[in-house]
Each structure stands twice: as C-alpha cells, then as structure tokens.
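Q: model the following, please.
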Amino acid sequence: MAHVRDIMQKNIITIEHDKTVYDAASILKEKEISFLVIIRDEKPIGVISERDIVQKVAAQDQKASSIKIEDVMSKKFRWVTPDTPIEDAVQKMLNNNIRRLIILDNDEKLAGVITQTNLAEFLRSKLLINGMLDNIDSEKS
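A: Prediction:
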C-alpha cells in the first residue's frame, strides 16, 4: 500500500504569519501557485489560497496591502503524517471537501503537502501500470 510520503510535494512555499495579503498574492503570482502555508515559529498555523483572497478581500473591495494574512487565512487546515496511507488521505479530503492536505511530521513541523493533482497523477500511473500488467497477462494466455 502506498503512503502519503510517496506522493507528497516536499518543497512547499510558505509565508510568515505577520505578512499582508498583498505579500501573499505577490508570491502566488510570482511562483504560479494557488496557495501558501502560513507559518509561525517554523510551524504551520494556517493556509491562504487564491480563493480566500478573492472571497475575503477582493470581493469585499478591501485593500490587500492593509490586511494581515492572519485575518483571512483558513485556520482549520487538515493534516496527516507522511506514514498515512493514501486511501486515508483521500478519504479525509473527501470528507472535508478540501483540495489539499498539509503533511506534518511527528514534531508538527511542515513535511509537505498533497493536492488533488498529486492524487490524480498517482492514480493515473497506477492505472497505466495495471493496464500494462493486464496486457502482459493477456499476451501470455
């Protein structure tokens, strides 16, 4: 059985909790990513996504450079450990209707993240491998 550690992204872009929404938006644009993990004392305390910025700042016609990330970030992020089976991680994402899961090590420090895209890539490769094995089996018969 595959585990989260097998598919998680380890190079996660983070931002300190005391920055502004403008700072976060600038990083999202520059790195061409859709979310950031917010950290304090090297530990994750929340996430901020493009969606958070649109719904909580832009749609409210607020000035991004005057709003702290902590005021709009999602504080109730979901997480698992690297040893979590992928099936359990998928279930947690489905149960909570989320697109990404933070991966924390035993010290609750950021170890990585998995997204819907990571899961789709994993499933695709698994399906391709199973398809090749089926073809090999059928050629032997």
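
Q: low-confidence regions, this protein specifically.
A: Low-confidence segments of the chain, defined by pLDDT under 70: 130-135, 137-141.

Q: how does it look with 50?
A: Within the chain, not a single segment meets pLDDT under 50.

Q: got the contact list for the spatially most central residue of the chain?
A: The centre of the chain sits closest to R100, judged by Cα atoms, centre = their mean, with a distance of 3.5 Å. Going by Cβ atoms under 8 Å, 6 or more residues apart in numbering, R100 touches F35, V47, M93, V113, I114, T115, Q116. Bear in mind the C-beta positions are built from the backbone N, C-alpha and C, glycine included.

Q: and if you look at K92?
A: Per Cβ under 8 Å, 6+ apart, neighbours of K92: R78, V80, L101.

Q: kindly reformat the contacts of R100 as a markdown table containing secondary structure, distance to T20 and neighbour count.
A: Shown next, in a markdown table, are these (DSSP: H, G, I helix; E, B strand; the rest coil; distance: Cβ to Cβ, whole Å; neighbours: other Cβ atoms under 10 Å):
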| residue | secondary structure | distance to T20 | neighbour count |
| --- | --- | --- | --- |
| F35 | strand | 16 | 22 |
| V47 | strand | 16 | 23 |
| M93 | helix | 29 | 19 |
| V113 | strand | 23 | 23 |
| I114 | strand | 28 | 24 |
| T115 | strand | 25 | 18 |
| Q116 | helix | 28 | 13 |
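
Q: V72: which of those residues is nearest?
A: V47 (10.8 Å; Cβ to Cβ).

Q: beta partners of that closest one?
A: V37, S74 (DSSP bridges).

Q: so it makes contact with F35?
A: Yes - using Cβ atoms under 8 Å, V47 makes contact with F35 at a distance of 5.5 Å.

Q: of the contacts of R100, just say which sits nearest to E16.
A: V47 (13.6 Å).

Q: contacts only, for that closest one.
A: V47 sits in contact with F35, L36, V37, I38, M73, S74, F77, R100, I102, where contact means Cβ under 8 Å, 6+ apart.
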